[in-house]
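okay, sequence plus prediction incoming.
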Amino acid sequence: MMENMPQKTSSVNAILFVICLSSSLVPFMGSALNLALPYINEDFSINASLSGWIPTSYMLSTAIFQIPCAKLADMIGRRRVFIWGLILFILFTVLSGVASSVVSLIIYRFLSGIGSAMIFGTSAAILMSAIPLQKRGQALGINAATVYFSLAAGPFLGGILTQYWGWQSIFYISALIAFFVLIGALFAIKENWKEERKQTFDVIGSVLYALGLSAIIYGFTILPAILGFILLAAGVLIMVAFSVYEKKQTNPVFDIKVFFENKVFKYSSLSALINYSATFAISFMLSLYLQYVRGLSPRDAGLILIVQSIMMAVVSFASGKLSDKMSASFLSTLGMSIIFIGLIGLCFIGESTNFYIIIALLVLIGFGFGVFSSPNMNILMSSVDKQHYGFASATAGTMRLVGQSLSMGIAMMSISLLIGDIKFSAAVHTELMYSMRITFIICSVLCLFGVYASSVAKPK
């Protein structure tokens, strides 16, 4: 049974503030770095294929470690894991800022992802444990709005920081924000929320999970190379073995039974995975398009990309509150359908498309994402019992990160097919246009499957 005592020394609002601030870390840094990639590419003379590994290495490690970290948090306490995650994140984010080579930068990004896994494997569970049931959707909506406001600030502030103080400043600002979150967590979060019964950590299951997920994500990113198909096949086989093994465990790292026996949880998780797979590459591809094809500065490109995140933030707050009063399944399905329409529009962007058309499409996608995200998270977290909050929180985070990694894999595969291992420049703008179009077509098809998954994720 999970500890769920009423808050005494810390208020619900204080916990909500700390969790929301922690949720702003990754989207801010991620969206800001998208604008900084051309400068990082120039400083380290990175080829087109390697460039994508700067964001992907971070997402990969966060995806791998999030569920094991959530299980560890159930055993030793969510507060403890959350705080140690912040410490690791601060350390390796600062080191990323002083990286002297692209290899060390990718390694530090991978290690900072472990800290993020500890943070995001526990944050939603802490929120669910502290917030009363009748205000859960509203709290999740506020948290989602914070994420999207951070996404909105990222391109704009990232463009300014990169242009005037260098891309390293993005890491230093992110580490500073994380430091304030750490101070707030130490004072605001008092409960530890851990399971009272003794458990053993599932080491074998954790290793199988990490190996299988790594093989699938890495294999996907290097397609259509033969090694990519081999790794994909190996990853699928390992995940099948992992599922069989986990079913037999008393204390599994990933509760397979909850995933497969709970239809609502399964399909809401699947729709989140598809949503991020279909949308995350948008800002990455458009940041390259706006700077290399259209010749915009990082600041001006950021001003265009910011509109999607602003719309996501405004709408997600409203939809989260609305999901407490009407069908969250209807809202999430509606949101995914709107995203599909926007993605179709992006497929027709050309080298001279009016910027107002691009902005309108980003507004449409941002609106759809805002309508989808908070209700879907409300469905997912409310579909499990209290003892599974940690597992549900980590699963939601893993779906997000795996989806983002697969989305980057789609983009990197398209770039690898048409540009290859040459350096990004305006000279390859035609190939970049084709890569972007292929990426958006694949994402559009994925989004259709997401519409179906959202429509069947209906709570009883």
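Received, thanks. No experiment lies behind these values; they were computed from the predicted model shown.

Ile114 contacts Gln66, correct?
No. If you go by CB atoms under 8 Å, Ile114 and Gln66 don't touch, sitting 9.6 Å apart. For glycine as for every other residue, the C-beta is placed from the backbone atoms N, C-alpha and C.

so which of those two has more stuff around it?
Neighbour count, other CB atoms under 10 Å: between Ile114 and Gln66, Gln66 has more, with 29 against 20.

now do the contacts for that one.
Counting by CB atoms under 8 Å, 6 or more residues apart in numbering, Gln66 touches Ala117, Phe120, Gly121, Ala394, Gly397, Thr398, Leu401.

okay, and it sits in which element?
helix 53-76 (DSSP states H and E).

what's the mean pLDDT across that helix?
Mean pLDDT, computed over helix 53-76, is 81.

give me the contacts around stretch 67-78.
Here stretch 67-78 has contacts from 2, 80-82, 85, 114, 117-118, 121-122, 125-126, 129, 192-195, 199, 201-202, 206, 209-210, 253-254, 390-391, 393-395, 398, using CB under 8 Å, 6+ apart.

drop anything exposed from those.
2, 80-82, 85, 114, 117-118, 121-122, 125-126, 129, 193-195, 202, 206, 209-210, 253-254, 390-391, 393-395, 398 (16 or more other CB atoms under 10 Å).

assumed Pro224 was part of a strand.
No. In this structure, Pro224 is coil, not part of a strand, as judged by DSSP: H, G, I helix; E, B strand; the rest coil.

ramachandran coordinates for it?
Torsion angles at Pro224 (phi, psi; degrees, to the nearest 10) stand at phi -100, psi 20.

quick check: it touching Ser414?
No. The criterion here is CB under 8 Å, and Pro224 misses it with Ser414 at 10.5 Å.

more neighbours: those two, which one.
Using other CB under 10 Å as the criterion, Pro224 and Ser414 rank with Ser414 on top: 24 against 9.

contacts only, for the more buried one.
Tyr434, Ser435, Met436, Ile438, Thr439, Ile442.

could you redo the last one with a cut-off of 10 Å?
Counting by CB atoms under 10 Å, 6 or more residues apart in numbering, Ser414 touches 223, 281, 285, 431-432, 434-442.

Leu296 now?
Gly159, Ser287, Tyr289, Leu290, Gly302, Leu303, Ile304, Phe355.

also Asn354?
Ala360.

that older thread, just to be sure, which of the contacts of stretch 67-78 are found in helices?
Under the assignment DSSP state H, the contacts of stretch 67-78 contribute 80-82, 85, 114, 117-118, 125-126, 129, 206, 209-210, 390-391, 393-395, 398 to helices.

could you report the pLDDT at Lys266?
Looking at Lys266, its pLDDT reads 83.

same thing with Gln134?
69.

thinking again about what came up before, let me know the closest of the contacts of Leu296 to Phe260.
Within the contacts of Leu296, distances to Phe260 taken as CB to CB reach their minimum at Ser287, with 38.3 Å.

surely that closest one is in contact with Leu35?
Yes. Counting by CB atoms under 10 Å, Leu35 is a contact partner of Ser287 at 5.6 Å.

who has more neighbours out of those two?
Leu35 (30 against 26).

dump the residue contacts of that one.
154-163, 167, 170, 283, 287, 290-291, 297-299, 301-302, 305.

how about Ile170?
28-33, 35-36, 40, 93, 96-97, 154, 157-158, 161-162.

pretty sure it sits in a helix.
Yes. The assignment for Ile170 is a helix, going by three-state DSSP.

skipping adjacent residues, who's closest to it in space?
Nearest residue to Ile170 in three dimensions, chain neighbours excluded: Ala32, at 4.7 Å (CB to CB, 6 or more residues apart in numbering).

tally of neighbours for that neighbour?
Counted with other CB under 10 Å, residues neighbouring Ala32 total 29.

likewise Leu186?
Count around Leu186 with other CB under 10 Å applied: 13.

what do you get for Val264?
Neighbours around Val264, by other CB under 10 Å: 18.

show me what counts as buried in the helix or strand hosting Leu95.
Assigned by DSSP H and E, Leu95 belongs to helix 78-97. By 16+ other CB under 10 Å, the buried positions in helix 78-97 come out as 78-86, 88-97.

could you do stretch 180-197 as well?
In stretch 180-197, counting by 16+ other CB under 10 Å, buried: Val181, Leu182, Gly184, Ala185, Ala188, Ile189, Glu191, Trp193, Lys194, Glu195.

out of those residues, which is nearest to Gly409?
Val181 (29.9 Å).

in what helix or strand does the closest one lie?
Here Val181 is assigned to helix 168-188, by DSSP H and E.

that helix vs helix 78-97, what angle?
160 degrees (axes from the mean of the first three to the mean of the last three CA atoms, to 10 degrees).

return helix 168-188 as CSV; C-alpha atoms alone will do.
Extracted C-alpha coordinates of helix 168-188, given in CSV (Å, rounded to 0.1, in the frame of the first residue of the first chain):
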residue,chain,number,x,y,z
GLN,A,168,26.5,26.8,-24.3
SER,A,169,24.4,29.4,-22.4
ILE,A,170,21.3,27.2,-23.0
PHE,A,171,22.8,24.5,-20.8
TYR,A,172,23.8,27.0,-18.1
ILE,A,173,20.3,28.5,-17.9
SER,A,174,18.7,25.1,-17.8
ALA,A,175,21.0,24.0,-14.9
LEU,A,176,20.2,27.2,-13.0
ILE,A,177,16.4,26.5,-13.4
ALA,A,178,17.0,22.9,-12.1
PHE,A,179,18.9,24.3,-9.1
PHE,A,180,15.9,26.4,-8.1
VAL,A,181,13.7,23.3,-8.5
LEU,A,182,16.0,21.4,-6.3
ILE,A,183,15.8,24.1,-3.5
GLY,A,184,12.0,24.1,-3.9
ALA,A,185,11.7,20.3,-3.7
LEU,A,186,13.8,20.1,-0.6
PHE,A,187,11.4,22.6,1.2
ALA,A,188,8.0,21.8,-0.4
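
quick one: it to helix 123-130, angle?
Using the same axes, to 10 degrees: helix 168-188 against helix 123-130 is 20 degrees.

start the count at 45, not 1, going forward
Fine by me, first position is 45 from now on; the one you just mentioned is helix 212-232.

give me the distance from helix 212-232 to the chain's centre.
19 Å (CA atoms, centre = their mean, to the nearest Å).

and what of stretch 188-202?
Using CA atoms, centre = their mean, the offset of stretch 188-202 from its chain centre is 13 Å.

same question for stretch 163-181.
With CA atoms, centre = their mean, you get 18 Å for stretch 163-181.

many thanks, have a good one.
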